[in-house]
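quick one, structure for this:
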Amino acid sequence: MPGPLSHIRVLDLSRIMAGPWSGQVLADLGADVIKVERSGEGDDTRRWGPPFLKDEDGNSTGEAGYYLSVNRGKRSVELDLKSAEGRAAVRALAAQSDILLENFKTGTLDRMGLGYEDLKQVNPRLIYCSITGFGATGPMANDAAYDFMIQGMGGLMSVTGAPDDTPGGGPQKVGVPIVDIMTGMYASIGVLAALANRDQTGTGDHIDLAMLDVSVAMLANQAMNYLVSGKPPIRRGNRHPNIQPQNVYPVADGHIVLAVGNDGQFRKFAEAIGMPGLADDPDYATNPARVDNLPALEKILVEALARGSVDHWVSIFAACGVPSGPINTVDRVFDEPQVRHRRMLRDISHPLGGDLKQVVSPLNFRNAPLSFDKAPPLLGQHTDEVLQALGLEAQA
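Below is the predicted model:
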């Protein structure tokens, strides 16, 4: 069966991470995503390696893992947007597309005659999503941005990492480009909402999406903690600012993540570690009390948990309904029985590398199941077929 967006065409003029992530989300949902890339160069991330995909003989294909992580399911078209022919091809594609994704600097596509006001003349139903570092307006509208700097500017690094007065303390970025990824997710939500609105109004829309805005929105409970208390949140390492005990704890052969979420779970946890009296102690019986008395509580827990192994505690806590788990390295993630059962890792045939392993969409539709049969495209792999379908000649 076709995917839920199999009737939708997406013109993806974006590169790097945020826009391509959104394009891949839409491709996984069945949309026909046409990725427009610079002639002879393509998306910068094609060269962001090592590592690079190897072919069946063990030789490098030149396709970087970074690029392969965000471009599954698309068709690649090489165009020179500085040429009249390239711009004409984009206008022809936009006329037959439902969604356009772009992350050029503010004003760049307007100067090329490819801005929203230009393209809505050829397709009033077009949903045009502009992704930039700082948005289309404001004092930094023309500035370039990358995920790392936005994690800093947007406050995320101020609450990520160990406290300054502890070993290794100081601001840390998240281990994946989380603002890029979340910007891509917001872009996907935005264009799908605009699609639903188009069904009612018959007209498209222009979405102005800024990475800095996304980073601020992602502060979530940390932002509200500040707005309610007037106290800027601090880095607490792995400790949760509001719910305890939630931390990484040393055990006999490593570490576990413990995430006790309410007083009922704490009672089960106290019984599981052989200290049921903790749940009746007024210093620890309620979550506010545990937060206030956390240093004393953690001293008790570290001593108790040191008596068992990772597997022991994970098994014990699972049996009584207390959320906990190991800290898996990435290779062990893909060996987790639950991850294997959910088939989050699939093999897709790649024209240069045989079977390419891909981490696929977590969405599961009963009536419109997703398929993962198109590897990230080679540069310009589909130029001829796409342009010929438009009645245009392939460009030199």
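
CA only for contacts and neighbour counts going forward, please
OK.

how close does residue 343 get to residue 357?
For residue 343, the distance to residue 357 (C-alpha to C-alpha, to the nearest Å) stands at 11 Å.

can you count the residues close to the closest residue to residue 188 other than its chain neighbours?
Sequence neighbours aside, residue 22 is the residue nearest to residue 188 in space, at 5.3 Å (criterion: C-alpha to C-alpha, 6 or more residues apart in numbering). Neighbour count for residue 22, taken as other C-alpha atoms under 10 Å: 27.

go on, the one 4 residues further on?
For residue 26, the count of nearby residues is 26 (other C-alpha under 10 Å).

now do the strands in the stretch 151-300 of the chain.
According to DSSP state E, counting those that start in this stretch, the stretch 151-300 of the chain carries its strands in the segments 205-210, 246-251, 254-259.

mean confidence for the first one?
Averaged across strand 205-210, pLDDT comes to 98.

turn the strands of the stretch 151-300 of the chain into TSV, columns for distance to residue 39.
Shown next, in TSV, are the strands of the stretch 151-300 of the chain (distance: least, C-alpha to C-alpha, whole Å):
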stretch	distance to residue 39
strand 205-210	27
strand 246-251	48
strand 254-259	48
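
export these to TSV and tack on distance to residue 29 and mean neighbour count?
Formatted as TSV, the strands of the stretch 151-300 of the chain follow (distance: least, C-alpha to C-alpha, whole Å; neighbours: other C-alpha atoms under 10 Å):
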stretch	distance to residue 29	mean neighbour count
strand 205-210	20	19
strand 246-251	35	19
strand 254-259	33	19
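
wait, which of these is closest to residue 385?
Residue 385 lies closest to strand 205-210 among those, at 28.6 Å (C-alpha to C-alpha).

what strands line up against the closest one, and which way round?
Note on strand 205-210: by DSSP bridges, its sheet partners are strand 127-132 (parallel).

how far does the strand it pairs with sit from the chain's center?
Centre-to-centre, strand 127-132 and its host chain are 17 Å apart (C-alpha atoms, centre = their mean, to the nearest Å).

mind listing what's buried in that strand?
127, 128, 129, 130, 131, 132 (16 or more other C-alpha atoms under 10 Å).

would you mind measuring from the first one to residue 191?
Which is residue 127. Counting by C-alpha to C-alpha, the gap from residue 127 to residue 191 is 7 Å.

please apply the same query to the fifth one.
The gap separating residue 131 from residue 191 is 12 Å, by C-alpha to C-alpha.

just the second one next, same as before
Residue 128 sits at a distance of 8 Å from residue 191 (criterion: C-alpha to C-alpha).

surely residue 49 meets residue 60?
No - between residue 49 and residue 60 there is no contact under C-alpha atoms under 8 Å: 10.9 Å.

gap between residue 326 and residue 13?
Noted for residue 326: a distance of 40 Å to residue 13, by C-alpha to C-alpha.

neighbour count for the two, which is higher?
More neighbours surround residue 13 than the other of residue 326 and residue 13, with 21 against 17 (other C-alpha under 10 Å).
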